[in-house]
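Participant: Predicted model follows, preceded by the sequence.
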Amino acid sequence: MEDTTRSSDVDETARPGRPEAPPEIAGSTTSTMITYTLRFTGAPSLPQLVAVAVASAVYIVLSWLAIIALPSGFPVVSSVFLAIGFGIPFAIWFGGWAFVIAYLGNFIGAGLLSTPPLPLNIALWFGTVDLIQLGLPMLLYRLFARSFGVSPIGKDVYTVRGFIFFVLCAVLPNNIIGGLYGNFILVTTGILPSNAFLSAWFVWSLSNVVVTLVIGSLLLRFLGPVVERFGLTTRNALS
C-alpha cells in the first residue's frame, strides 16, 4: 500500500534526545501539543540552566536600565518598564524558574542598582513584587491554558482565543496587582510619599500593560517557538 503520509504531518519533536509530543488537543491550535506542567520531576538540562541564567541576567539589566534611563518622576518607578515585556515571556517559558528570574530582576536591577539605590532591607522586600508580576502569568498558563485550548507557552497569542487568555492571565491582573503591591512597599518604607500612591500606581500599571501587550506578545509569538524547538523551555516545574 502506498504511503500517503506527508512530510509536514510528521511531528518534528519526535527526534532522538527530544520527548515526543503528546496528541494535539481536539479543536485547539497545534501549539498546544507539548505538555507543560508544574510537576517536580527530573533535573534540568545544562542548556535549560544556561537559558535561565541568561534570562535572569537580561531581566536584571533591563530592569536597571528602565529605572535609570526612563524615570517617571516617582522613586523606583519607570515611565516605560521595558523589562516586563521580556520578563513575562521568560516566566511563561521557564516555569518555576520564573520566581528566580523575577526576584533577582527586581531585587538587584530595580532595587540595589536603582538611582539612588534602595537600602538592602527595602530591596529585599521590593524584590517580591515581581513574584506576582511574573509568577502569576506562569501559574495561570501552566494551570489553565490547556483547558482553555491555548498554547501553554503563548505561541498562539495572535489568535482570538490566545489573545483573550493572554490579556486575562498575563497582562491585566499581574500588572495591576503588582503595581498596587509595589507602591504599597514604597509608601510603607517612606520611599514614596503617600499622596503620590495613586499616581505612581497608575503610571506603573499602565506602562506595564502597554509594554506587555506589545513586546510580550511579539516575543511569545515569534521567539517562543524557537526557544521550544531548541529544547530550552521548562516542561515541568524546574526541568
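Facilitator: Nice, I can see it. Residues are numbered from 1 along each chain as shown.
Participant: most residues in a single helix of the chain, which one?
Facilitator: With DSSP state H applied, the helix covering the greatest number of residues in the chain is identified as helix 46-69.
Participant: Looking at that helix now, give me its mean pLDDT.
Facilitator: Averaged across helix 46-69, the pLDDT comes to 97.
Participant: Any chance you could list what contacts it?
Facilitator: Residues outside helix 46-69 that contact it (C-beta atoms under 8 Å, 6 or more residues apart in numbering) are 44, 76, 78, 80-83, 86-87, 90, 93-94, 97, 100-102, 104-106, 108-110, 113-115, 227, 230-232, 234, 239. Quick note: C-beta positions are derived from backbone N, CA and C, even for glycine.
Participant: and those residues, which of them are in strands?
Facilitator: For these, not one is inside strands, with DSSP state E as the criterion.
Participant: any idea how far the residue nearest in space to the middle of the chain is from residue 77?
Facilitator: For the chain, residue 88 is the residue whose C-alpha lies nearest the centre (C-alpha atoms, centre = their mean; 1.8 Å). Between residue 88 and residue 77 the distance, using C-beta to C-beta, to the nearest Å, works out to 18 Å.
Participant: Any idea how far apart the tips of stretch 231-239 sit?
Facilitator: End-to-end distance of stretch 231-239 (C-alpha to C-alpha, to the nearest Å): 11 Å.
Participant: hang on, residue 141 is in a helix, isn't it?
Facilitator: Yes. With DSSP: H, G, I helix; E, B strand; the rest coil as the criterion, residue 141 is assigned to a helix.
Participant: do you know how far it is from residue 70?
Facilitator: In terms of C-beta to C-beta, residue 141 sits 28 Å off from residue 70.
Participant: do the same with residue 146
Facilitator: To residue 70, residue 146 is 37 Å away according to C-beta to C-beta.
Participant: Compare these two (neighbour count), which wins?
Facilitator: When neighbours are counted by other C-beta atoms under 10 Å, residue 146 and residue 70 differ, and residue 146 comes out ahead with 17 against 14.
Participant: what about the more buried one, helix or strand, and which?
Facilitator: Of the helices and strands defined by DSSP states H and E, residue 146 is found in helix 135-148.
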